[in-house]
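[1] the following block contains a protein sequence and its predicted model.
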Amino acid sequence: MPNLDSFVRIPRDRIGILVGPEGKTKTYLETRLKIKLEVDSQDGGIAIVLTEEQTDPSMLLRAKDLVTAIGRGFAPEVAFRLIRNEDDVFDLVDLRLVFGRSDSDIKRIKGRIIGAEGKTRRLIEELTEANITVYGHTIGIIGSYEEADAARHAVQMIIEGCEHKSVYKFLQRKRTEMKKEKMQLWETPAKDR
């Protein structure tokens, strides 16, 4: 198998978090995913290389998502959700793509997404069961596809200027739908699935 690798650049102030105390986070990622992380602490460059033990090339994408998630503000324990549950996804909203380089607009929207004392972000997390981080010019989301999709939609509504109460109503409705779907899955006899 050819030596596959990928490259990610993360903010320098997140390198220590990625490496972890005494290198434990980096070692855990390398061992669990059977990859090698080559960290350039000067510019934040991270080369991700599959080891010969790793026969699944899709692990390169999973490792890239994990490194990016940690680099964009997630605590490693939260980012490890991507390892624990292979159905979980990482989504990233880059506010520069919406507002260009307007720092004042980005700061205003980040404030609306976080909410007073973190209320809005906390409600999005509670109602979707996704994890959200606001870091720099990005909004990071980790959750199942449905959870991440609902959280991204809520973030998009806020970016578009919707009132918070409209976003909360949407999230309540979405939570009810997701709960119904889970209940139907459990109620459906195995032979009908």
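    Happy to help now that I have it.
[2] buried residues, the longest helix anywhere in the chain. List them.
    Using DSSP state H, we find that the single longest helix of the chain is helix 164-187. Neighbour-count burial for helix 164-187, counted by 16 or more other C-beta atoms under 10 Å, picks out 164, 167-168, 170-171, 174-175, 178. (C-beta placed from N, C-alpha, C; glycine too.)
[3] what's the closest of those to residue 51?
    Here the nearest of those to residue 51, counting by C-beta to C-beta, is residue 178; it sits at 37.5 Å.
[4] can you tell me the helix or strand for the spatially closest residue to the closest one that is not a sequence neighbour?
    Of all residues not flanking residue 178 in the chain, residue 146 sits nearest, at 5.7 Å (C-beta to C-beta, 6 or more residues apart in numbering). Using DSSP states H and E, residue 146 sits within helix 145-159.
[5] got the buried residues for that helix?
    So helix 145-159, judged by 16+ other C-beta under 10 Å, has buried residues 146-152, 154-155, 157-159.
[6] again, but for stretch 20-32
    Buried-residue list, stretch 20-32, by 16+ other C-beta under 10 Å: 25-26, 29-30.
[7] in helices, which of these fall?
    25-26, 29-30.
[8] switch those residues over to JSON lines; also include pLDDT.
    As requested, these are arranged in JSON lines below (pLDDT from 0 to 100):
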{"residue": "25", "pLDDT": "97"}
{"residue": "26", "pLDDT": "97"}
{"residue": "29", "pLDDT": "96"}
{"residue": "30", "pLDDT": "96"}
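[9] now residue 14: phi and psi?
    Main-chain torsions, residue 14, degrees, to the nearest 10: phi -100, psi -10.
[10] hmm, it is touching residue 70, no?
    Yes - judged on C-beta atoms under 8 Å, residue 14 makes contact with residue 70 at a distance of 6.4 Å.
[11] the two: which is more packed in?
    Ranked by neighbour count (other C-beta atoms under 10 Å), residue 14 and residue 70 place residue 70 first, with 27 against 19.
[12] so for the helix or strand containing that one, what gets flagged as buried?
    Using DSSP H and E, residue 70 sits in helix 58-71. The neighbour-count check on helix 58-71 (16+ other C-beta under 10 Å) flags 59-60, 62-71 as buried.
[13] with stretch 101-109 instead?
    106, 109.
[14] next one: stretch 76-83
    76, 78-82.
[15] and of those, the nearest to residue 107?
    residue 78 (23.9 Å).
[16] for the residue nearest to that closest one when sequence neighbours are not counted, grab phi and psi.
    Once flanking residues are discounted, residue 78 sits nearest to residue 131: 5.0 Å by C-beta to C-beta, 6+ apart. Main-chain torsions, residue 131, degrees, to the nearest 10: phi -100, psi 140.
[17] and for residue 94?
    The phi/psi pair for residue 94 (degrees, to the nearest 10) is phi -100, psi 110.
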